[in-house]
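# How does the following fold in three dimensions:
(4 chains)
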Protein chains: 2
Amino acid sequence: MRVTIKDVSRDAGVSIKTVSRVLNKEKYVGEETRKRVEEAVARLHFRPSIAARSLAGRRSYQIALICDNPSPFYVYEMQLGIRDRCLEDGMRMIAQPYDRDSESLLEEIESLVDQTHPDGLILTPPVTDYPAVLALLAERQVRVVRIQPGTELGLTASTFIDNEAAGAAMTAHLIALGHRRIGFIVGDPSYVVSGQRWAGYLDALDAAGIAVDSALTREGDFTFPSGVAATEALLALDRPPTAIFASNDAMAAGALAVAHRRGMRLPDDLSVAGFDDTTLATSVWPALTTIRQPMRALAYQAAALLLAAEETRERRELPFELVVRDSTGPVGAG
Amino acid sequence: MRVTIKDVSRDAGVSIKTVSRVLNKEKYVGEETRKRVEEAVARLHFRPSIAARSLAGRRSYQIALICDNPSPFYVYEMQLGIRDRCLEDGMRMIAQPYDRDSESLLEEIESLVDQTHPDGLILTPPVTDYPAVLALLAERQVRVVRIQPGTELGLTASTFIDNEAAGAAMTAHLIALGHRRIGFIVGDPSYVVSGQRWAGYLDALDAAGIAVDSALTREGDFTFPSGVAATEALLALDRPPTAIFASNDAMAAGALAVAHRRGMRLPDDLSVAGFDDTTLATSVWPALTTIRQPMRALAYQAAALLLAAEETRERRELPFELVVRDSTGPVGAG
DNA sequence: TTGTACGCGTTATCAA
DNA sequence: TTGATAACGCGTACAA
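Next up is the predicted model:
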C-alpha cells in the first residue's frame, strides 16, 4: 500500500542501495542506471519517508525555525523565505511558533531538537541573543544560523541589514527635507535593533551638525498604542517636532493616527516615517515612508547558509531600501 | 551520546517494552514500575525520537496545517491555536505555508502526506473547498478537519462561526444606530464566506423592511486598496451611504483612510464596520468596530477534533462577538 | 503485569 | 560502479 524503496528497486531492476544512491545524488552511479531508477521513482510516485531517512542516516532533511515576534507579518515572511529555500533542496521546514517569554522556552527547544533531530536551526530576534539558548544548541552541536543577531556576532553564521545605517539614512532623508526638530520613538529595549536604529538617528543628527534634544526621543515598545502615547507626548512639547521617525511601523501608524485625530495634514504639518516591520507599511498603510527590510530574503539567505555543504560563520549583509511615500515631504509644502 | 529508550530501561531496571508502555500511557503497568520509569526518564532527559516512533508504529505524532491566507495574522493565529492543542498531547504541528494558486499545490500536499505521514490534516479556506485536495486526502485515508469550510459540510469534521448571522448582526447594529443607507463591500469571491457575509447583510435589511439598493454593494478582494476604491465609489453616489460595512478589516481600513483623507469625522459623517480578519482591528486600528472571530479557538478546536480518539464528522460552531468601538456611533451624533 | 523477538523504511559499512 | 547486510530507535504481536 505504501510505496517503498524496495518497490522502486524491484521496478528498476537494481538493488535498494542503488536507488538510495540516486535519491541522494551520490557519485558512482551509471548514467543508464540513474535514468532507469529515476523513471521508476516517477512512475511509482515514490517519496522517501522522512522518518526512515532520519532514523537510518545522519540527517533528518528538516530544519527548524525558532521564531517569536510580535508581528505575524514578520514571522510569516520568515516562514516563506525559509520554505522557498527548503523547496529547492527537498528539505522540510519545522516552524512551530514560540513564546519568547515562556518559562519553558529552553525546554521546548531542547525537546524539539531531541525529538526531531533537525539538520539545523534558524533563530530570529530576540531569541538570537539568549545566552541559554545559544549554549544549549552549542552543546547539542546543532548547526545554527541567526537572522539579525544583536550580540556575539561571530558565534554563528547570520544574515542582517545594517540597522544603524538604516536609521541614519531615514534621519538624513528627513533632514534633507528641511526638518531640524525630528522626534524619535525608540522600540522595545529587549531588541538590540532598537538601540541600533536610535544610534543611527543620533549619528545622522550629529553628521548634520544638529544638536540632540533629548526631549525629542521617547520610548515605545513596538506597539500601536505606544506610538500613540509617544506621539502625543512629542506634540505636547513647547517646541514640537516637525517630523517623527518611529522605530517600526506599528508605532509610526500610531503617529499617523494621532495626526489624523488632531486634524493635522501630512506631510505639511507633520512628516512621519518608520520601518517595514509588520504588514502595515507594505500593504495596509501604503502612505507610510519606511525603511523596507528584505525580510523574506533575510530568511531565504539564512536557510541557504544553513544548507551550505560546509558549516560556516559567514555574516551575510543584505541591502535595505528607503521607500518614500506621501507621509513625508517638504516641510511646509502645500 | 543520544539517550534512547534502552538507556532508560537499563537505568530503571525494566525492559524496553515497559518503558514504552509508560511513555504511551498504556494500561497494565505496576504503579511502582511506572514511577521508577518516570524517574529514569526525567533523570536522563529522555525524549523519544519522532522518527523511530512513526517508523515503528501506526502514528507519527504530527499533524499538519494546510493554510494559505492573504493575512499573516490569520495564518499565525491558526498556528498558535493548533500549537496550543498539540502541546497538551505531546504532538507536533507541521505548518508549512502554501500558495493556494500554486500549480503544484496538490503535488505538495501529496508529498507532505507521503513523506511525513501526519496523523491528520487541518485545512483552512479556500483550500477547504478544493475538490481535488479533498479527493486526494480521502484516497490517502488521511484524517481531516476543516476550519470554516464552505462546501460539502458533512464530509469532514469542522469548526466554524455563523458568518451569515455575523453579517446580519453587524448590519442590524448599524440599522439600530439609525442608518438606512448602508454600503457593503463584498470580499474575494473565491472565499465562500464572502457570499455568506453579504447574505447576512441582505437578511438584516430585509428583516428591517429596508429596500435593498444594489448600488450600495461594491465588490472588493479583501485588500486595503480595494476597500479604498469601493469606498470612493460609494461616497461618489448621488445619495451616498451613511455607514459602510466591509467584509473584512483591511477593506474597512481602506474606508477609514478615505474618510480621513476627505476630512470626514467618524462616526458623525460616516460609520465604518468590518471583521477581525487581520491584525488591524485587534491591535493596529483599535477604533474599528468589528465582528471578532475566535480564530485561535477555531484552530484549537479543530486540532481537538483531529486528536479525538474516534474519527468524527462533528461540526463545531463557535460564537462570534460584535465589538463596538468609535468608528461607529449614532448617526449625526456630535 | 512484564518481557522477547521482530519489523518499520531508509542509510552506512564493507565487500564484490 | 554495484550489492548484501547490519544498524537506527521505537511499537507490535505474542509469549511468559
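# Centre of the chain to the helix-or-strand element of chain A with minimal mean pLDDT, how far?
Sorting the helices and strands of chain A by mean pLDDT, DSSP states H and E puts helix A:249-261 at the bottom, at a mean of 84. Centroid displacement of helix A:249-261 relative to its chain, using Cα atoms, centre = their mean, to the nearest Å, is 24 Å.
# For the closest residue to DNA strand C within the stretch 151-300 of chain A, grab the count of nearby residues.
Of all residues in the stretch 151-300 of chain A, A:A157 sits closest to DNA strand C, with a separation of 22.8 Å (Cβ to the nearest atom of the strand). In this view, the C-beta of every residue, glycine as well, is placed from N, C-alpha and C. Neighbourhood size, A:A157 [other Cβ atoms under 10 Å in any protein chain shown]: 24.
# My guess is it contacts A:L305. True?
Yes - if you go by Cβ atoms under 8 Å, A:A157 and A:L305 touch, sitting 4.4 Å apart.
# which residues do the two both contact?
Contact criterion Cβ atoms under 8 Å, 6 or more residues apart in numbering or on different chains; residues bridging A:A157 and A:L305 by contacting each: A:V145, A:T312, A:E314, A:R316.
# List the residues that contact the residue of chain A most remote from its centre.
No residue in chain A sits farther from the centre than A:G13, which is 47.2 Å out by Cα atoms, centre = their mean. With Cβ under 8 Å, 6+ apart as the criterion, the residues that contact A:G13 are A:R36.
# Now with 10 Å, please.
Listed by Cβ atoms under 10 Å, 6 or more residues apart in numbering or on different chains, the contact set of A:G13 reads A:T33, A:R36, A:V37, A:A40.
# Next: A:M91.
The neighbourhood of A:M91, defined by Cβ under 10 Å, 6+ apart, consists of A:50, A:59-63, A:82-83, A:85, A:118-120, A:303, A:306-307.
# Equivalent analysis for A:G263, please.
Residues counted as contacts of A:G263 (Cβ under 10 Å, 6+ apart) are A:D269, B:H260, B:G263, B:R265.
# can you list those in CSV and add secondary structure?
Shown next, in CSV, are these (DSSP: H, G, I helix; E, B strand; the rest coil):
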residue, secondary structure
A:D269, coil
B:H260, helix
B:G263, coil
B:R265, coil
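# Of those residues - the most surrounded one?
When neighbours are taken as other Cβ under 10 Å, the top entry among those is B:H260 (18 neighbours).
# mind listing what that one touches?
By Cβ under 10 Å, 6+ apart, the residues touching B:H260 are A:L256, A:A257, A:A259, A:H260, A:R261, A:G263, A:L266, B:L266.
# now swap in A:T223 and tell me
Residues touching A:T223, when contacts are defined by Cβ under 10 Å, 6+ apart, comprise A:P70, A:G187, A:D188, A:A229, A:N248, A:A250, A:M251, A:G254, B:S283, B:V284.
# Alpha carbons only: can I get the host helix or strand of A:R296 in PDB?
Assigning secondary structure by DSSP states H and E places A:R296 in helix A:295-307. Output of helix A:295-307 as PDB, limited to C-alpha atoms (Å, rounded to 0.1, in the frame of the first residue of the first chain):
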ATOM      1  CA  MET A 295      12.600  40.100   5.400                       C
ATOM      2  CA  ARG A 296      11.900  37.200   3.100                       C
ATOM      3  CA  ALA A 297      15.400  37.500   1.600                       C
ATOM      4  CA  LEU A 298      16.900  37.500   5.100                       C
ATOM      5  CA  ALA A 299      15.200  34.300   5.800                       C
ATOM      6  CA  TYR A 300      16.000  32.700   2.400                       C
ATOM      7  CA  GLN A 301      19.700  33.500   2.800                       C
ATOM      8  CA  ALA A 302      19.700  32.200   6.300                       C
ATOM      9  CA  ALA A 303      18.300  28.900   5.100                       C
ATOM     10  CA  ALA A 304      20.900  28.900   2.300                       C
ATOM     11  CA  LEU A 305      23.700  29.400   4.900                       C
ATOM     12  CA  LEU A 306      22.200  26.500   6.900                       C
ATOM     13  CA  LEU A 307      22.100  24.200   3.900                       C
END
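# Many thanks, I have nothing further to ask.
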